[in-house]
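*Asks:* 3D, please:
(one chain, ligands or ions: 1)
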Amino acid sequence: MSSSKNTFIAFLLNLSFSIIEFIFGWLFGSSAILADAVHDLGDALAIGSSAIMQTYANKPADRVYPFGYKRWNILAALLTSSILIIGSSLILVENIPNLFHPNPVNQDGMLVLGIIAIIINLLASRIVKNGHSHNESILSLHFLEDILGWLAVILVSIILQFTDWYFLDPLLSLGIAIFILAKALPKAWNSVKILLETSPQGVNLEELKEILLALENVHEITQLNVWTMDGYDHCATVTVKLTNPAVADKTKANIRNSLITFGIVQSTIEIL
Ligand SMILES: [Zn+2]
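*Replies:* Numbering: from 1, shown residues only. Got it, this is the predicted structure:
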């Protein structure tokens, strides 16, 4: 199966199952399942948007988008993180009071849904594991991780067969919400930083400047701006004073090659 087909199946599985979770979480009165529904909706959105963006974001630059379409990827990631942050914040607000006044849940229903969820996650993990792309291996691991949350749901439903510790359900939902936030907040912040044109992560400007200064014929770097399109492909503008302006072309080529080793694929070099 092709990578996009596998991803599409994983997307459909996550989306349809998250809808099932929203319905049954509400029917069973289980906040933990609702929290997992938010999580799976986020997974579905992330998988779906990255599948769409795989082709769209790689379109070549044109008149309307002179820098290309890569930033659409960042916008999609920011949207997905925002939905996760809003969803998990709602769960936190809703369930902190529920800890002290827990409502009974349908523990038998939780148990059945938990078992189905584990089967679906194993299935999704296997489907994408057949692929070889980097994205697919990350996804495959992710689905295995998700099983841990469901094992907790099953554990709570089993404990509730013998006790009336109904506070365990909101408690678990808080744990899941905090887990979602811990992943979504840094992701959202990274997207915002890219949109705000901060220097890209992993590019040490001081080190880059030193490497450029060490090049033959480079006398002084008066300006060096580096930003990133999507966290992987970076751009730069460099203004440089040369010792011998007569051989500017060769020096420019050397500067460009040095920039490429830092992932800077698009550069504008001005010679003073
Ligand atoms: Zn997940």
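*Asks:* near the ion at all, the host helix or strand of Ala44?
*Replies:* Per DSSP states H and E, Ala44 falls inside helix 31-56. Yes: Helix 31-56 comes into contact with the ion (CB under 5 Å from the ion), by way of Asp43. Where you see a C-beta, it was placed from the backbone N, CA and C, and this is true even at glycine.
*Asks:* Need the residues that contact stretch 108-127.
*Replies:* Stretch 108-127 is contacted from outside by 1, 6, 9-10, 13-14, 17, 20-21, 24, 27-28, 30, 32-33, 36, 139-141, 143-144, 146-147, 150-151, 153-154, 156-158, 160, 169, using CB atoms under 8 Å, 6 or more residues apart in numbering.
*Asks:* Does the ion have contacts with that stretch?
*Replies:* No: on the criterion CB under 5 Å from the ion, stretch 108-127 is out of touch with the ion, staying 8.3 Å away.
*Asks:* In contact with the nearest residue to Ile194 once chain neighbours are set aside: list those residues for me.
*Replies:* Excluding its sequence neighbours, the residue lying closest to Ile194 (CB to CB, 6 or more residues apart in numbering) is Ile74, at 5.1 Å. Residues in contact with Ile74 (CB under 8 Å, 6+ apart) are Ser191, Ile194, Leu195, Asp230, Gly231.
*Asks:* quick one, phi/psi of Ile74?
*Replies:* Backbone torsions of Ile74, given as degrees, to the nearest 10, read phi -70, psi -40.
*Asks:* ok, now Leu196?
*Replies:* For Leu196, the backbone dihedrals (degrees, to the nearest 10) come out as phi -90, psi 10.
*Asks:* residues near it, how many?
*Replies:* Around Leu196 there are 8 other residues, counting by other CB atoms under 10 Å.
*Asks:* ok, so what distance separates it from Asn217?
*Replies:* Shown here: Leu196 relative to Asn217, a distance of 35 Å by CB to CB, to the nearest Å.
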